[in-house]
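J.: Need coordinates for the following:
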Amino acid sequence: MHTTPEDEAILAIERPHRDLQKYYVVASFVLGPLFFIPLIYGLIRFQTMRYRFTSEGISMSWGILFRREIIIQYSRIQDIHLRSNVVERWLGLARVLVQTASGSASAEMTLEGLKEFEAVRDFLYSRMRGVKDDVKPASTRQPPPMPGDATVGAGARVGGAGGSAELTLALQDVAAELRGLRADLARARGEEEPS
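T.: Below you'll find the predicted structure:
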């Protein structure tokens, strides 16, 4: 897959921005006298947090005693959300929540401490949809005609724009297969072939 300079910048991200450390400090003072518990946890989390963007997916790891690592392939990503609270917005940070089809209501992975969160979201969307190099612009791409193809107006194909062109092709393939199966079943039963 061809990578742009913007993609290269995303692929080079390995650590959260240092402002995430400030966020953990501010957030820990919400607990009052017990502030040191989330503060220690947050500082350890920040120091050990690593990201790795590859051509296949993302990995995130953190922790010392209990090291955790989450790896998600782009093809498994179902949805991506951006979330930030007041303090994060003040620091210019946001979290990128990555959801998969695991059945869990919460995000499978939360990328924290990113200043370029919108670029990361766009990068993940493009990788998840595989639109970078695999799909040509809709204006240059026309699905081949199929027997019994539905058309609208002066030769315009139904759903022939962008990603719906692929869906149209897939549905036409399915319809052709079903027609073939119906014809085979009718022949096997000695019935007249359906029209």
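J.: can you give me the helices in this protein?
T.: Using DSSP state H, the helices of the chain run over residues 5-11, 19-28, 36-48, 86-91, 117-129, 163-189.
J.: Show me what the shortest one is packed up against.
T.: Judged by 3 or more C-beta pairs under 8 Å, 6 or more residues apart in numbering; DSSP states H and E, the packing partners of helix 86-91 are helix 19-28. (C-beta placed from N, C-alpha, C; glycine too.)
J.: how about 10 Å then?
T.: helix 19-28, strand 109-114 (3 or more C-beta pairs under 10 Å, 6 or more residues apart in numbering; DSSP states H and E).
J.: A101 is nearest to which of the helices of the chain?
T.: helix 117-129 (11.7 Å; C-beta to C-beta).
J.: May I see the buried residues of the closest one?
T.: 117, 120-121, 123-124, 126-128 (16 or more other C-beta atoms under 10 Å).
J.: quick one: average confidence on it?
T.: Helix 117-129 shows a mean pLDDT of 91.
J.: Format the buried residues of helix 117-129 as a markdown table; extra columns: distance to S164.
T.: Converted to a markdown table, the buried residues of helix 117-129 look like this (distance: C-beta to C-beta, whole Å):
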| residue | distance to S164 |
| --- | --- |
| F117 | 29 |
| V120 | 27 |
| R121 | 23 |
| F123 | 24 |
| L124 | 22 |
| S126 | 18 |
| R127 | 21 |
| M128 | 18 |
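J.: now, which of those sits nearest R15?
T.: V120 (13.4 Å).
J.: so the closest one sits right up against E112, yeah?
T.: No. With contact defined as C-beta atoms under 10 Å, V120 does not reach E112; the gap is 11.3 Å.
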